[in-house]
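Novice: Take a look and give me a structure for this.
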Amino acid sequence: MPARNAFYAQSGGVTAVINATACGLIQEARRHPDNIGKVLAGRDGIIGALTEDLIDTSLETDEAIARLRSTPGGAFGSCRYKLKSLEDHRAQYERLIEVFKAHDIGYFFYNGGNDSMDTAWKVSQIAEKLGYPVVCVGVPKTVDNDLPLTDCCPGFGSVAKYVATSIREAGYDVASMARTSTKIFVLEVMGRHAGWITAACGLASENAGEPPHILLFPEVPFDPARFLARVQACVDQYGYCTVAVSEGLSDADGKLIADSGTKDAFGHSQLGGVGQIVAQLIKDKLGYKYHWALADYLQRAARHLASKTDVEQAHALGVAAVDLALQGKNAVMATIERLADTPYRWRIGEAPLKDVANVERKMPAEFIAADGFHITDACRTYLQPLIAGEEPPPYRDGLPDYVRLNNKSVEKKLPEFKI
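Specialist: Sure, this is the predicted structure:
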């Protein structure tokens, strides 16, 4: 059987290591020329497939592909675009299959989070219904660390390392000035429904009194009175208070504290600013001067501070996705399986896409302290290996030296398709 082409796309918010996954995947595909022809990447994610805007990665040198391992962002472009149900939007899925047919694509690799795994699962279904042979493999990626059936998600370990470092360093700053100036520092981090990134901030606090003093999780309803009492206690005891808060913090009724009232492309509430809301609450009720920061894109783009564990796992999952496809494993997601905590050992596994799609893994109760304001030792044991090690990018003239690919498109063969 002649070699067939592969389609690869990056989806959703990018990370410091999603390109490491692309690196591993393309490198492994190039090792199997008898089975895989070209890897065609979707420009701006799945939109590239719908519009037949396919990037020919075979035109990139081996050196350029290797440099993806140390480059943040999404080398081929990503998107927030969710394909809806098969029943209501069948035309979109049929269009994907038409593009796959036109370019002899026999492998579909979708690198993303919860919604992306749902899309990959649906594509496998429609391909089967239409009788088109394509092997669909999901490749996990999300800084939120909320995919089920995998020990962790590529992107999270590096974000965890960044936010823990940031709040430790900011804590030193605030402690220096607290006697005569700022006593409160609040760091807002990502995490809509799951508090994994907020929990990672807790790694910075190894001994009593070290920042962060308070963690606010989306899994724990926000109680202003209890929170303010804890802030006051920290100031009384330590002279200052540092707080890490998830963007998805909600009240006792489940209402998001920072819900702007608008929706993103996936239908999720637009969030942002909960850090300022919390900081202003402290100012209004306790009178303390504050500073607050929004980690935002900085936390997920910080390749200079990436976790070596995260880089290695991201790359390994790209390799594994190709290997699973060549084994004929259809409608599966490559996963990380933890074998031991100390020393940390892991291996590649797999999970059915249908069991991953649209399922969120929140922080387990045993990872959150009894008072709801910090992490437990069990959580620390889980998190610590994921931030371990450094694999810095190359530097040139004092700055990280990242690669930009040529990203030349293949010639289109089909009529235009409106999305």
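Novice: CA atoms for contacts and neighbours, from now on please.
Specialist: Noted.
Novice: Can you give me the domain boundaries for the chain?
Specialist: Annotated domains of the chain cover 4-142+304-358+384-400, 156-300 [automatic domain parsing].
Novice: How far off centre is the longest one?
Specialist: What it means is domain 4-142+304-358+384-400. In terms of CA atoms, centre = their mean, to the nearest Å, the centre of domain 4-142+304-358+384-400 is set 13 Å apart from its chain centre.
Novice: do the same with stretch 221-231
Specialist: So, by CA atoms, centre = their mean, the centroid of stretch 221-231 is 29 Å from its chain's centroid.
Novice: mind checking which of the domains of the chain is nearest residue 150?
Specialist: domain 4-142+304-358+384-400 (4.9 Å; CA to CA).
Novice: quick one: terminal-to-terminal distance for that closest one?
Specialist: With CA to CA, to the nearest Å applied, domain 4-142+304-358+384-400 spans 36 Å between its terminal residues.
Novice: measure the residue sitting nearest the centre point of the chain to residue 16 for me?
Specialist: Against the mean C-alpha coordinate of the chain, by CA atoms, centre = their mean, the closest residue is residue 142 at 2.0 Å. Residue 142 sits at a distance of 10 Å from residue 16 (criterion: CA to CA).
Novice: okay, the residue located most distally from the centre of the chain: pLDDT?
Specialist: Distance to the chain centre peaks in the chain at residue 180, reaching 39.2 Å (criterion: CA atoms, centre = their mean). Per-residue confidence at residue 180 stands at 96 (pLDDT).
Novice: For it, which three-state class applies?
Specialist: Following DSSP: H, G, I helix; E, B strand; the rest coil, we place residue 180 in the coil state.
Novice: got a list of contacts for the longest helix anywhere in the chain?
Specialist: Across the chain, the longest stretch assigned as helix under DSSP state H is helix 156-177. Applying CA atoms under 8 Å, 6 or more residues apart in numbering, the contact partners of helix 156-177 are 16-17, 142-145, 182-185, 187, 189, 197, 200-205, 210-212, 239-240, 242, 244, 295, 299-300, 302-303, 305-307, 309-310, 386-387.
Novice: got the CA coordinates for it in PDB?
Specialist: Output of helix 156-177 as PDB, limited to C-alpha atoms (Å, rounded to 0.1, in the frame of the first residue of the first chain):
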ATOM      1  CA  PHE A 156       0.600  22.400  32.300                       C
ATOM      2  CA  GLY A 157       4.000  21.600  33.900                       C
ATOM      3  CA  SER A 158       5.600  24.700  32.300                       C
ATOM      4  CA  VAL A 159       2.800  27.000  33.400                       C
ATOM      5  CA  ALA A 160       3.000  25.500  36.900                       C
ATOM      6  CA  LYS A 161       6.700  26.200  37.000                       C
ATOM      7  CA  TYR A 162       6.200  29.800  35.800                       C
ATOM      8  CA  VAL A 163       3.400  30.700  38.200                       C
ATOM      9  CA  ALA A 164       5.100  29.100  41.200                       C
ATOM     10  CA  THR A 165       8.300  31.000  40.300                       C
ATOM     11  CA  SER A 166       6.400  34.300  39.700                       C
ATOM     12  CA  ILE A 167       4.600  34.300  43.000                       C
ATOM     13  CA  ARG A 168       7.700  33.300  44.900                       C
ATOM     14  CA  GLU A 169       9.600  36.200  43.400                       C
ATOM     15  CA  ALA A 170       6.800  38.700  43.800                       C
ATOM     16  CA  GLY A 171       6.500  37.500  47.400                       C
ATOM     17  CA  TYR A 172      10.100  38.500  48.100                       C
ATOM     18  CA  ASP A 173       9.300  41.900  46.600                       C
ATOM     19  CA  VAL A 174       6.200  42.500  48.700                       C
ATOM     20  CA  ALA A 175       7.900  41.300  51.900                       C
ATOM     21  CA  SER A 176      10.600  43.900  51.300                       C
ATOM     22  CA  MET A 177       8.100  46.800  51.200                       C
END
